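[1] Quick one, fold the following:
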Amino acid sequence: MEKISNARERKFSRKVQNLIIFRQTVNPLIEVSTCGITKYTASKTDVACGSAANISWREHLFFEPRNMHSSKIELDTISIKVKNKGIFKDELIGMYEFDMTKVYFEKGHAIQNQWIALFNPEATNFSEISGNLKISISV
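    Have a look, this model is predicted:
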């Protein structure tokens, strides 16, 4: 029984390696969601994969939740997702999520030029870092 499961694991890992080898570029975009509002950055095209990939969006996304009580906003989260733009469906590269109160209780109610590690909960090893993103947020 153990030999069969090891053979399946080896077969699966080969498929994953082939996927990584054949995929050399991505078309990333960033999706940010909070307070029931979702906004997107423009997508970049044909960005090389790997540690040499260094892209900058330099975009500002403004969220103005209306008719929400402060207690509801305090319980909300900020979700940041980096996706590979597809023709029919966007594929998740990595994400990061934190509470709105984390930003509020920082000095000046802001996080400035902080690196966050992205992870992909849809991946086989969701604890593996799938990328890094430098963000600035204020509330």
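
[2] Give the pairing partners of the host helix or strand of residue 39; include direction for each.
    Secondary structure from DSSP states H and E places residue 39 in strand 37-40. Looking at strand 37-40 with DSSP bridges, its partner strands are strand 28-34 (antiparallel).

[3] CA atoms only for the strand it pairs with, dumped as CSV, please.
    Extracted C-alpha coordinates of strand 28-34, given in CSV (Å, rounded to 0.1, in the frame of the first residue of the first chain):
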residue,chain,number,x,y,z
PRO,A,28,-0.6,39.9,-12.5
LEU,A,29,-3.2,42.2,-11.1
ILE,A,30,-4.1,43.1,-7.5
GLU,A,31,-7.6,42.8,-6.0
VAL,A,32,-8.3,44.6,-2.7
SER,A,33,-11.5,44.0,-0.8
THR,A,34,-12.9,45.6,2.4
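
[4] Distance from the chain centre to it, please.
    Relative to its chain's centre, strand 28-34 lies at 7 Å (CA atoms, centre = their mean, to the nearest Å).

[5] And stretch 68-84, by the same measure?
    14 Å.

[6] Now it: buried residues?
    By 16 or more other CB atoms under 10 Å, the buried positions in stretch 68-84 come out as 76, 78, 80-84. From N, CA and C alone the C-beta is placed, and that goes for glycine too.

[7] Dump these to JSON lines, plus distance to residue 35, secondary structure and pLDDT.
    JSON lines is the format used below for those (distance: CB to CB, whole Å; DSSP: H, G, I helix; E, B strand; the rest coil; pLDDT from 0 to 100):
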{"residue": "76", "distance to residue 35": "5", "secondary structure": "coil", "pLDDT": "91"}
{"residue": "78", "distance to residue 35": "9", "secondary structure": "strand", "pLDDT": "92"}
{"residue": "80", "distance to residue 35": "14", "secondary structure": "strand", "pLDDT": "93"}
{"residue": "81", "distance to residue 35": "16", "secondary structure": "strand", "pLDDT": "94"}
{"residue": "82", "distance to residue 35": "20", "secondary structure": "strand", "pLDDT": "91"}
{"residue": "83", "distance to residue 35": "20", "secondary structure": "strand", "pLDDT": "92"}
{"residue": "84", "distance to residue 35": "26", "secondary structure": "strand", "pLDDT": "90"}
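
[8] Much appreciated, bye for now.
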